[in-house]
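K.L.:
Pasting the sequence and the predicted model now:
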Amino acid sequence: MEQKKKTNKKFIIIISILVIVGVVYGGYKFIHSLSHEETDDAQIESNMNSIIPHVGGYIDKIYVTDNQIVKAGDTLFTIDQRDYLVQLEKAKANLAAAQSQVAVAESSIGSSQANANASYAQVSSTYGTVESAKIQLRRATDDYNRYKNLYDNKSITTQQYEQALAAKQEAEARLSTLQNQRKAAQSQSQAANSQNQVSEKQVGVAEANVKSAQARVDAAQLNLDYTVITAPIDGQLSSIEMQEGQFVQAGQALFYLVDTQNKWVVANFKETQLNDMKVGQKVSITVDAFSGEEFEGVITNFSPATGARFSLLPPDNATGNFVKTVQRLPVKIDFTDANDAEKLARLRSGMNVEIDVHLK
C-alpha cells in the first residue's frame, strides 16, 4: 500500500514538471509572437548569369572547369574564328571598293565643275560681244538709212549706197552669228551644271555606300570579338556541360555564373503575418546548413503580388471551384554589413533558412 502511494507521488511530480515546462514554453512563445514573425519558407538567393554566346560556331578551346571561381573579364571559352575572319576581310574589301567609288565621284565633280566654269565664262564673253554687235548694227542701220535718203535724192553714187547696205548686212550677219554662239554656250553651261549636279548626287550615293560598308565592317568585327566569351562579373561557375569541338548556337544557354558577392533572402510569409511587418525591420537569419550560426538582415521590400500569381498556371477563383487558402507573399531580406564576410561567403544560393522578424 505504501509502495503504491510512492508511485503516485512520483507520477504527480513528473506531470507537474511537464505542465510547468509547457506553461513556461507556451508563455514564452506567446510573448515572443507579440513582437516577432517567423517562417521557415525561405531560401538564399543570388544572381545567376546564364552564359550565352552571341554567335554560333564550333568551340575551339575551353579555359575553365566545373565550379571554378572567375573574375570579370576572364576568358571562359572561345569559338572557332576562321569563318568570322573571312567575313571581316570581305567587309573590309567592300569598304575599300566603296571608298574608291567616292574618289571617282569626287574627281567627276571637279571635271564637271571645270566644264561648268568654262561654259559660264564663254556665255559671259559672248554676252559682251553680242551687245557690241548690236551697237554696230544700230550704227550701220542708221548710216544705211541716211545713205538711202541721199541715194533717193540722187545726192550720192550707187557705190556709196551699196557700201552702206553691205555694212548693214554684215552687221546683221555678225549679230546673228554671235547670238547663235551665245545660245550654244548657254546650252553647254546648262548641260555642265546638270552634269555637276549629277556628279554631286553620285558622290552622296558613294558616301552612303561607304557608311553602309563601314557598318558591315563594324558588325563583322563585333562578331569576331564575340567569339571570345568572357565572364561578365566576379563569381563561381556551375557545371561546364560542354566540350571542345561541340557546335553551339547563338542565344544557347550553356552554363551559369553565380554571383558570389551579392546574396539576399526571399522569405514567403503568410498574408496573415504581414500586418505589422515594415521595410527596415531587423531580421535574424539562421541557416539549416550551419546550425548555431545566426546572421543579421533587414527587410528591403515586399513583392507586388503573391507567389501564386507568378506561377505558370495562376489560380482563377472565378471558375466555381473556389477554396480559400492562405496565400504567401515573397519578402526580400538583405544581409547587413554587420555580418562576417567569411561566413557570408560560405552561403550558397538555394539554401534553406529560418527567418525571425523583429517587429518592435
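P.N.:
Sure, I can see it. These numbers come from a predicted model, not from an experiment. Numbering: from 1, shown residues only.

K.L.:
all helices for the stretch 251-360 of the chain, in order.
P.N.:
All helices of the stretch 251-360 of the chain, identified by DSSP state H, counting those that start in this stretch, fall at 341-345.

K.L.:
what's across from residue 50 in the sheet?
P.N.:
On the basis of DSSP bridges, residue 50 is bridged to residue 256.

K.L.:
Is it in contact with residue 253, as I believe?
P.N.:
Yes: between residue 50 and residue 253 a contact is recorded at 4.6 Å, counting by C-beta atoms under 8 Å. (C-beta placed from N, C-alpha, C; glycine too.)

K.L.:
Can you check which residues contact both of these two?
P.N.:
Residues touching both residue 50 and residue 253 (C-beta atoms under 8 Å, 6 or more residues apart in numbering): none.

K.L.:
Dump stretch 232-241 to CSV, restricted to CA.
P.N.:
The C-alpha coordinates for stretch 232-241 follow below in CSV (Å, rounded to 0.1, in the frame of the first residue of the first chain):
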residue,chain,number,x,y,z
PRO,A,232,30.6,39.4,-67.2
ILE,A,233,31.0,39.5,-63.4
ASP,A,234,33.0,38.0,-60.5
GLY,A,235,31.5,34.7,-59.4
GLN,A,236,31.6,31.0,-59.4
LEU,A,237,30.7,28.8,-62.4
SER,A,238,28.3,25.9,-62.4
SER,A,239,29.0,22.6,-64.1
ILE,A,240,30.5,23.1,-67.5
GLU,A,241,28.5,20.7,-69.6
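
K.L.:
I'd like to know how many residues surround residue 71.
P.N.:
Neighbour count of residue 71, defined by other C-beta atoms under 10 Å: 10.

K.L.:
let me fix that: residue 54
P.N.:
13.

K.L.:
which stretches of the stretch 51-200 of the chain form helices?
P.N.:
Going by DSSP H, counting those that start in this stretch, the stretch 51-200 of the chain shows helices at 82-152, 158-225.

K.L.:
Please identify the buried residues of stretch 226-244?
P.N.:
Residues 226-227, 229-231, 233-238, 240 are the ones in stretch 226-244 that count as buried (16 or more other C-beta atoms under 10 Å).

K.L.:
go on, stretch 94-108?
P.N.:
94-95, 98, 101-102, 105, 108.

K.L.:
How about stretch 148-167?
P.N.:
Buried residues in stretch 148-167, counted by 16+ other C-beta under 10 Å: 151, 156, 161, 164-165, 167.

K.L.:
any idea which of those is the one closest to residue 272?
P.N.:
Checking these against residue 272 with C-beta to C-beta, the nearest one is residue 167 at 124.0 Å.

K.L.:
residue contacts, residue 243?
P.N.:
By C-beta under 8 Å, 6+ apart, residue 243 lies in contact with 59, 62.

K.L.:
ugh, wrong one, I meant residue 355
P.N.:
Contacts for residue 355 (C-beta under 8 Å, 6+ apart) come out as 38-40, 42, 265, 267, 283-285, 333.

K.L.:
sorry, back to before: would you format the buried residues of stretch 148-167 as a markdown table with pLDDT included?
P.N.:
Shown next, in a markdown table, are these (pLDDT from 0 to 100):
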| residue | pLDDT |
| --- | --- |
| 151 | 67 |
| 156 | 75 |
| 161 | 70 |
| 164 | 70 |
| 165 | 73 |
| 167 | 74 |
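
K.L.:
Between those residues, which sits nearest residue 61?
P.N.:
Closest to residue 61, out of all of the buried residues of stretch 148-167 and judged by C-beta to C-beta, is residue 167, at 99.3 Å.

K.L.:
Residue 92 contacts residue 217, doesn't it?
P.N.:
Yes: taking C-beta under 8 Å as the definition, residue 92 is a contact partner of residue 217 at 5.7 Å.

K.L.:
So these two - more neighbours on which side?
P.N.:
residue 217 (20 against 16).

K.L.:
List the residues that contact the more buried one.
P.N.:
88, 91-92, 94-95.

K.L.:
Sort out which one of these lies nearest residue 65 for me.
P.N.:
Nearest to residue 65 out of the contacts of residue 217 is residue 88 (C-beta to C-beta; 31.4 Å).

K.L.:
What does the pLDDT read for the residue nearest to that closest one when sequence neighbours are not counted?
P.N.:
Nearest residue to residue 88 in three dimensions, chain neighbours excluded: residue 220, at 4.1 Å (C-beta to C-beta, 6 or more residues apart in numbering). Looking at residue 220, its pLDDT is 95.

K.L.:
again with residue 224
P.N.:
Turning to residue 224, the model gives it a pLDDT of 96.

K.L.:
just to revisit the earlier point, just the buried members of the contacts of residue 355?
P.N.:
When those are checked for burial by 16+ other C-beta under 10 Å, the buried set is 39, 42, 265, 267, 283, 285, 333.

K.L.:
Contact partners for the first one?
P.N.:
I take that to be residue 39. Going by C-beta under 8 Å, 6+ apart, residue 39 touches 267-270, 273, 354-355.

K.L.:
ChimeraX command for the buried members of these?
P.N.:
Buried subset of the contacts of residue 39, written as a ChimeraX selection, criterion 16+ other C-beta under 10 Å:
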select :267,268,269,273,354,355
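
K.L.:
Go through the contacts of residue 39 and flag which are in strands.
P.N.:
Using DSSP state E, the members of the contacts of residue 39 that fall within strands are 267-270, 354-355.

K.L.:
which non-adjacent residue is nearest residue 65?
P.N.:
That would be residue 240: by C-beta to C-beta, 6+ apart, it lies 6.4 Å from residue 65.
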